[in-house]
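1. Below: sequence and its predicted model.
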Amino acid sequence: MLSNKYKTALVTGASSGIGEAVVRLLSKKGYKVTALARRKSKLIKLKKETGCKSVIMDIRNTKEIEKLKKIKFDVFINNAGLGRGFDKIYKTKAVDIATTIDTNVQAFLQLLRCIVPGMVKRKKGHIINIGSIAGLYPLSSSVYGGSKGAVHLINQNLRLELSGTGIRCTEINPGRVDTEFFDVAFDDKKDAMNMKKGLNMLKASDIADSILFAIECPAHVNVSAIEITPTEQAPGGVKIEKLK
């Protein structure tokens, strides 16, 4: 029998941005949330403020994430990711390519490998994979866009793999969100600031709300994908017009 009576959740990349916002919202809604990230001080603060459990871990450490197999999670927010290599391929450093692929694709898949089997065994669960509109449309970002394009196809294939198991799978594809993302993505602070200009960016809480919507849909409903952008942003560019 299909069920969406979820009680527990795991959120990766939980120390800031979308991950932090999701932890706060789900905790407020009564979920027992496990917040996973690398930054200890931020997790300690989040734990004090929300009552969540905290796990300090680098998801690129495959041996470490094996420990997650032993814990039961009803909801898995596969959020951790970064934007190194957001620039054009001919300007990208080798280390940025490795870091982006290791985090956004390799670790992303390894986490699914560890978390999904328990859900299938229990015939209950909801997986939220955080993608990006950069993985759906050409946005002049071969490395980052390519990594999120992989997330998009992984999510589509995962839907097929989980068909008949009772497990739901949702892909969230945000546009520009006001988080640390661009500050981490660019070495030049001016480049980071330019990405934040010219439009009212989404808030992390907007993405958290969309995730909650997908989770709270009736058990027979699977929201396969949500594309969410600022009003002024459309794939292909940003255009601001004065209303008459």
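-> Perfect, I can see it now.

2. show me the contacts for the closest residue to Leu162 other than its chain neighbours.
-> The shortest distance from Leu162 to any non-neighbouring residue, by C-beta to C-beta, 6 or more residues apart in numbering, is to Cys169 (5.8 Å). All C-beta spots, glycine's among them, are computed from the backbone N, C-alpha and C. By C-beta atoms under 8 Å, 6 or more residues apart in numbering, the residues touching Cys169 are 126-127, 129, 155, 158-159, 162, 222, 224.

3. Can you say which of these are buried?
-> 126-127, 129, 155, 158-159, 162, 222 (16 or more other C-beta atoms under 10 Å).

4. ok, the residues you listed vs Gly81, which is closest?
-> Distance to Gly81 across these (C-beta to C-beta) is lowest for Asn129, with 10.0 Å.

5. That closest one: which element?
-> Element membership for Asn129, per DSSP states H and E: strand 125-130.

6. And for that strand, what's in contact with it?
-> By C-beta under 8 Å, 6+ apart, strand 125-130 touches 4, 6, 18, 73-79, 81, 108, 112, 115-116, 118-119, 151, 154-155, 158, 162, 166-172, 174, 207, 211, 214-215.

7. which residues of the protein fall in helices?
-> Taking DSSP state H to define them, one finds helices in the chain at 17-28, 40-50, 62-65, 94-101, 108-122, 142-161, 181-185, 189-194, 204-216.

8. Including mean pLDDT, could these go into a markdown table?
-> Output for the helices of the chain, formatted as a markdown table (pLDDT from 0 to 100):
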| stretch | mean pLDDT |
| --- | --- |
| helix 17-28 | 97 |
| helix 40-50 | 95 |
| helix 62-65 | 94 |
| helix 94-101 | 93 |
| helix 108-122 | 97 |
| helix 142-161 | 96 |
| helix 181-185 | 73 |
| helix 189-194 | 74 |
| helix 204-216 | 97 |
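
9. Comparing the ones you listed, which comes out most buried?
-> Each of the helices of the chain was scored by mean neighbour count; the highest is helix 17-28, a mean of 23, by mean count of other C-beta atoms under 10 Å.

10. What helices and strands are in contact with that one?
-> Applying 3 or more C-beta pairs under 8 Å, 6 or more residues apart in numbering; DSSP states H and E, we find helix 17-28 packed against strand 8-12, strand 32-37, helix 40-50, strand 75-78, helix 204-216.

11. 7 Å instead, please
-> Counting contacts by 3 or more C-beta pairs under 7 Å, 6 or more residues apart in numbering; DSSP states H and E, helix 17-28 is packed against strand 8-12, strand 32-37, helix 40-50, helix 204-216.

12. and of the ones you listed, who's closest to Gly135?
-> Checking the helices and strands packed on helix 17-28 against Gly135 by C-beta to C-beta gives helix 204-216 as the closest, at 15.0 Å.

13. Show residues contacting that closest one.
-> 6, 17-18, 20-22, 25, 29, 75, 77, 126, 128, 170, 172, 174, 177, 179, 223, 226, 228 (C-beta atoms under 7 Å, 6 or more residues apart in numbering).

14. Any idea how far that helix is from the middle of the chain?
-> 11 Å (C-alpha atoms, centre = their mean, to the nearest Å).
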